[in-house]
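J.: sequence plus the predicted model coming up.
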Amino acid sequence: MNLNNTKWVLGHKVTTHETTGDYDLMVAETPPHVQGPPPHMHNSFKESFLIMEGEMEFFINGTHKLVKAGESVDIPPKTLHTFTNKSDAPCKWVNIHSPKGFRTFFEQIGIPENEENAIEKSVAPEIINRVIESAPQFDMIIKM
């Protein structure tokens, strides 16, 4: 992984990658028992998740779906979703947003991996408030 682009974002270790296509690509790891972002949707972004190791439970438009290693899930625009690692093992996954543009969320909200207490800082109340306040600028509509 490119450590220069690795940040802790809401309790998830996320590494962004440069792409030449019209999509953003991230590789992430979610520790055991870590919740995802608040339920949200995107008006414009299509989102895909590929689980590489472990499993993740997704909430998609009111339905829960367990996605295991080797499986993927696609989230169309205007689809309410979130995810959580409810297992006792870490989950490694790939995330794609199309078209390009959502990567900036991870870069602006994330805490650099090598910063002291980065994991804890990434879920601090001030970060959660920043996510809620800045969500609209990232085409992220939070539904609480």
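T.: That came in fine, so what should we check first?
J.: from residue 58, how far out is residue 29?
T.: 17 Å (C-beta to C-beta, to the nearest Å). Glycine gets a C-beta too; all of them are placed from N, C-alpha and C.
J.: now do residue 27
T.: 18 Å.
J.: pretty sure residue 27 sits against residue 13.
T.: No - between residue 27 and residue 13 there is no contact under C-beta atoms under 8 Å: 9.1 Å.
J.: looking at the two, which one has more neighbours?
T.: Each of residue 27 and residue 13 has its neighbours counted (other C-beta atoms under 10 Å); residue 13 has more, 22 against 19.
J.: so what's the more buried one closest to, chain neighbours aside?
T.: Among residues not flanking residue 13 along the chain, residue 29 sits closest, at 4.5 Å (C-beta to C-beta, 6 or more residues apart in numbering).
J.: so what strands line up beside the strand or helix carrying that neighbour?
T.: Using DSSP states H and E, residue 29 sits in strand 24-30. According to DSSP bridges, strand 24-30 forms sheet pairs with strand 12-17 (antiparallel), strand 91-98 (antiparallel).
J.: turn those strands into TSV, including distance to residue 81 and mean pLDDT.
T.: Below are the strands paired with strand 24-30 laid out as TSV (distance: least, C-beta to C-beta, whole Å; pLDDT from 0 to 100):
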stretch	distance to residue 81	mean pLDDT
strand 12-17	15	97
strand 91-98	12	98
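J.: quick one, which of the ones you listed gets closest to residue 66.
T.: For residue 66, the closest of the strands paired with strand 24-30 is strand 91-98, at 11.2 Å, according to C-beta to C-beta.
J.: and the closest one, how far from the chain's centre?
T.: 7 Å (C-alpha atoms, centre = their mean, to the nearest Å).
J.: following it, which helix or strand comes up?
T.: helix 103-109.
J.: flag the shaky bits of this structure, pLDDT-wise.
T.: By pLDDT under 70, the weakly predicted segments of the chain are 1-3.
J.: alpha carbons of stretch 47-60, as CSV, please.
T.: Written as CSV, here are the backbone C-alpha positions of stretch 47-60 (Å, rounded to 0.1, in the frame of the first residue of the first chain):
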residue,chain,number,x,y,z
GLU,A,47,-20.3,2.9,-5.6
SER,A,48,-18.8,-0.7,-5.6
PHE,A,49,-17.3,-2.7,-2.8
LEU,A,50,-15.2,-5.9,-3.3
ILE,A,51,-14.5,-7.8,-0.1
MET,A,52,-10.9,-9.2,-0.2
GLU,A,53,-10.7,-10.7,3.3
GLY,A,54,-13.2,-11.2,6.1
GLU,A,55,-16.8,-10.0,5.7
MET,A,56,-18.9,-6.8,6.0
GLU,A,57,-22.6,-6.4,6.7
PHE,A,58,-24.2,-3.8,4.4
PHE,A,59,-27.4,-1.9,5.0
ILE,A,60,-28.9,-1.1,1.6
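J.: since that was my last question, I'll sign off now.
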